[in-house]
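Student: this one's sequence-less:
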Ligand code: ADP
Ligand code: MG
């Protein structure tokens, strides 16, 4: 494998100068060059006749250059035109803003072009070129040619030549991690065949096979990497939860609502894990408002009934407080002691709590990051629940687990992650999904409005609040400066209070408030004393105020789709019809399609799939740090089957390889993306 790390200088056809150019493209070694996947292909077998071109339909033509020249528009744009002729007729091919084309394309050359014909007058048609290829006798034996990303001074022809030499000279050193038996079983081609045919496909089927194998290669390495990351060594004793009391039964009859069948299903899955001698490592997904808290509470009850302690960690003070209140109410008549530990807990109180946690007097502890401090010691921690897990890093999760002896772990998220992505990023977690909302929820009516329509919106809010509704108004996060962030929220608050809604009680909440102050504001909002709550995006996660039915998001174009959905999920929890207004003045098409997607559906999973399609996996919470952007071939929204297969296959190959060899390979494959430090 080491030979693959050789400097590119030593490849045939590359010297120090070329190697600098290649470096600029992020290509440093032979290994990089092999994984430098073509961004397109020229299929010279696939040619349209010039007279049969149709306006606006992408096509390929092949012909001879009759004449060529550059002209300039009044706007200062250069246009290079060449008349191309085949045996049916001729057309003018057009390159915009590429003045150097005049040095490349000369009359008499045989050329291959792909692009789009465009009619500009009744009789005239032009061909807008997207890719060109001067046909040379040398590479005539390849029907399909790769098209690579280039940099100044580097031509397609050179790139192809260099790639071809590295395929010929180095493929023998490339590790094959799949035995023939496995390849047969899963219908995968050998790795050398895959590289040869991704660069220079023999035919369509060969390309398909090559792509499949390389996508699988990436997913496999990725899976193995994730498994190594998430694997924590269970230390001998496993926690087995075996109830010694009938707490669960009693609780079940006293929950104030009927559990949905989705909730019952996931509770069964979780209980089965808890009863087994293997440590549970389960991800619970459920859209905002799906009712994950009660599921977590049941799991905690099971731990307590089995003689263990349970802890739940949430990313914000507000949320930890909310869990504490809910759990205390939940367990109030059953002799289960619930406590809360956050950054805001006073020193005296903290000392008392730590003592009681250590002695086992406290059964259930809810809190924030404060839970993972060194001096928090449990008597017998049997279950760890992490809420809104995407807000925590792998290490923080592990730190809490380490406070017990291989406790069961349940991580929860309301940021719906498409299934493929979840399987990939959380390779070693089992997955439970609450795919149903509690009954009686009305779809939240969502409107994307322009800033100019603000007055009408205020009128609407006035009427609604007059009718006992409550509203959130969320100001955008100003990334560069927390200060500006705050300023925006403060001035909106002042404006609403003094001019727009002088009759209503308006509150303001932001990240700079002390925990106790945040708490007070939230309590007042919950009790209905505050009617309209202006907020920076701190309320993003988890807050539950069922009476709030209006959500206004300022500069909504600044938020990602999953964040918008999270924010919207703060309303629509009660029986009232809820509304979400996205005030935005989007400048990009992508932003417009995000806002339209929000108008179209309330379903978080659908939105997540949409997001994955619009932006690729890189933008998902916490995904970048896993190195997912190192995937060059695999496409997480299209290759679902391969993702699932890679999970199975990764177990099979891991057993048949020495760890150090495969680790080296993984490090090589994901090196660039791994330089972005994991948290
Ligand atoms: P999330 O999954 O977003 O954390 P919560 O656990 O906060 O959602 O639940 C949202 C709201 O739905 C809470 O007010 C909760 O009491 C209520 N709820 C949960 N499950 C049910 C159910 N089966 N029937 C009715 N209401 C429910
Ligand atoms: Mg929640």
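Tutor: Now that the structure is in, tell me what you want to look at. If you're wondering where the values come from, they're calculated on a predicted model, not measured in any experiment. Ligands and ions are numbered 1, 2, ... in the order given.
Student: Angles on the backbone of the residue of the stretch 551-679 of the chain found nearest ligand 1, please.
Tutor: Among all residues of the stretch 551-679 of the chain, residue 573 sits closest to ligand 1, at 5.2 Å; criterion: CB to the nearest ligand atom. Using the backbone N, CA and C atoms, a C-beta is placed for each residue, glycine as well. Main-chain dihedrals, residue 573, degrees, to the nearest 10: phi -100, psi -10.
Student: do residue 386 as well
Tutor: Dihedral angles for residue 386 - degrees, to the nearest 10 - are phi -120, psi 120.
Student: just residue 272 next, same as before
Tutor: Taking degrees, to the nearest 10, you get phi -60, psi -40 for the backbone angles of residue 272.
Student: tally of neighbours for it?
Tutor: Counted by other CB atoms under 10 Å, the residues lying close to residue 272 total 10.
Student: picking up where we left off before, so is the closest residue to the residue of the stretch 551-679 of the chain closest to ligand 1 other than its chain neighbours in a helix, a strand, or just coil?
Tutor: Once flanking residues are discounted, residue 573 sits nearest to residue 546: 4.5 Å by CB to CB, 6 or more residues apart in numbering. What DSSP: H, G, I helix; E, B strand; the rest coil gives for residue 546 is coil.
Student: can you tell me how far residue 546 sits from ligand 1?
Tutor: 6 Å (CB to the nearest ligand atom, to the nearest Å).
Student: And for that residue, the neighbour number?
Tutor: Number of residues near residue 546 (other CB under 10 Å) recorded here: 14.
Student: Now do it against residue 576, distance only.
Tutor: Here residue 546 is placed at a distance of 9 Å from residue 576 (CB to CB, to the nearest Å).
Student: Ok, residue 96 next?
Tutor: For residue 96, the distance to residue 576 - CB to CB - is 55 Å.
Student: try residue 459
Tutor: 19 Å.
Student: I figured residue 380 hits residue 308, correct?
Tutor: Yes - contact status for residue 380 versus residue 308: in contact at 5.2 Å, counting by CB atoms under 8 Å.
Student: the more surrounded of those two?
Tutor: residue 308 (24 against 14).
Student: more neighbours, residue 96 and residue 576?
Tutor: For residue 96 versus residue 576, neighbours defined as other CB under 10 Å are more numerous around residue 576 (19 against 12).
Student: Backbone torsions only: list them for the nearest residue to the more buried one once chain neighbours are set aside.
Tutor: Closest residue in space to residue 576, ignoring its immediate chain neighbours: residue 549 at 4.4 Å, by CB to CB, 6+ apart. Note on residue 549: its backbone torsions stand at phi -130, psi 0 [degrees, to the nearest 10].
Student: which residues does residue 217 contact?
Tutor: Remark: with contacts taken as CB atoms under 8 Å, 6 or more residues apart in numbering, residue 217 is in contact with 177, 191, 194, 633.
Student: Greatest separation within these: which pair is it?
Tutor: The distance between the two most remote of those (CB to CB) is 15.5 Å, for 177 and 633.
Student: Distance from stretch 600-616 to the middle of the chain?
Tutor: Centroid displacement of stretch 600-616 relative to its chain, using CA atoms, centre = their mean, to the nearest Å, is 11 Å.
Student: Mind jotting down where the strands sit in the stretch 501-650 of the chain?
Tutor: 506-509, 532-535, 548-553, 579-583 (DSSP state E, counting those that start in this stretch).
Student: And the stretch 101-250 of the chain, by the same measure?
Tutor: Going by DSSP E, counting those that start in this stretch, the stretch 101-250 of the chain shows strands at 110-119, 125-134, 144-147.
Student: strand partners of the shortest one, parallel vs antiparallel please.
Tutor: According to DSSP bridges, the neighbouring strands of strand 144-147, each with its direction, are strand 40-43 (antiparallel).
Student: got it, and the first one?
Tutor: Based on DSSP bridges, the strands next to strand 110-119 in the sheet, each with its direction, are strand 59-72 (antiparallel), strand 125-134 (antiparallel).
Student: Let's have these in a markdown table, adding mean neighbour count.
Tutor: Below are these laid out as a markdown table (neighbours: other CB atoms under 10 Å):
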| stretch | mean neighbour count |
| --- | --- |
| strand 59-72 | 16 |
| strand 125-134 | 18 |
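Student: wait, which of these is closest to residue 241?
Tutor: strand 125-134 (61.1 Å).
Student: avg pLDDT for the closest one?
Tutor: For strand 125-134, mean pLDDT is 87.
Student: In contact with residue 252, which residues?
Tutor: By CB under 8 Å, 6+ apart, the contact set of residue 252 is residue 298.
Student: Going by secondary structure, it is in what exactly?
Tutor: helix 247-254 (DSSP states H and E).
Student: Could I get the buried residue list for that helix?
Tutor: Buried residues in helix 247-254, counting neighbours by 16 or more other CB atoms under 10 Å, are found at 247, 248, 251.
Student: returning to what we had before: and residue 327, which of the strands of the stretch 501-650 of the chain is closest to it?
Tutor: That would be strand 548-553 among these, by CB to CB, at 21.9 Å.
Student: what packs against that closest one?
Tutor: Helices and strands touching strand 548-553, as assessed by 3 or more CB pairs under 8 Å, 6 or more residues apart in numbering; DSSP states H and E, comprise helix 454-466, strand 470-474, helix 561-568, strand 579-583.
Student: do that again at 7 Å, thanks
Tutor: strand 470-474, helix 561-568, strand 579-583 (3 or more CB pairs under 7 Å, 6 or more residues apart in numbering; DSSP states H and E).
Student: Mean pLDDT lowest where, among these?
Tutor: helix 561-568 (a mean of 85).
Student: Just checking the distance from that one to the centre of its chain.
Tutor: The chain centroid and the centroid of helix 561-568 are separated by 13 Å, computed with CA atoms, centre = their mean.
Student: Which neighbouring elements make contact with it?
Tutor: strand 548-553, helix 589-600, helix 604-615.
Student: Can you pull the poorly scored residue ranges out of the stretch 51-200 of the chain?
Tutor: Within the stretch 51-200 of the chain, the segments meeting pLDDT under 70 span 123, 137-142.
Student: Quick check: the residue of it nearest ligand 1.
Tutor: Counting by CB to the nearest ligand atom, the stretch 51-200 of the chain gets nearest ligand 1 through residue 186, at 37.5 Å.
Student: so which helix or strand takes in the nearest residue to residue 59 once chain neighbours are set aside?
Tutor: Closest residue in space to residue 59, ignoring its immediate chain neighbours: residue 48 at 4.3 Å, by CB to CB, 6+ apart. Following DSSP H and E, one finds residue 48 outside all helices and strands.
Student: Residue 48 against residue 61, yeah?
Tutor: Yes - Residue 48 is within contact range of residue 61, at 5.7 Å (criterion: CB atoms under 7 Å).
Student: Next, the contact list for the closest residue to ligand 1 within the stretch 501-650 of the chain, please.
Tutor: Of all residues in the stretch 501-650 of the chain, residue 544 sits closest to ligand 1, at 4.4 Å by CB to the nearest ligand atom. By CB atoms under 7 Å, 6 or more residues apart in numbering, the contact set of residue 544 is 322, 573.
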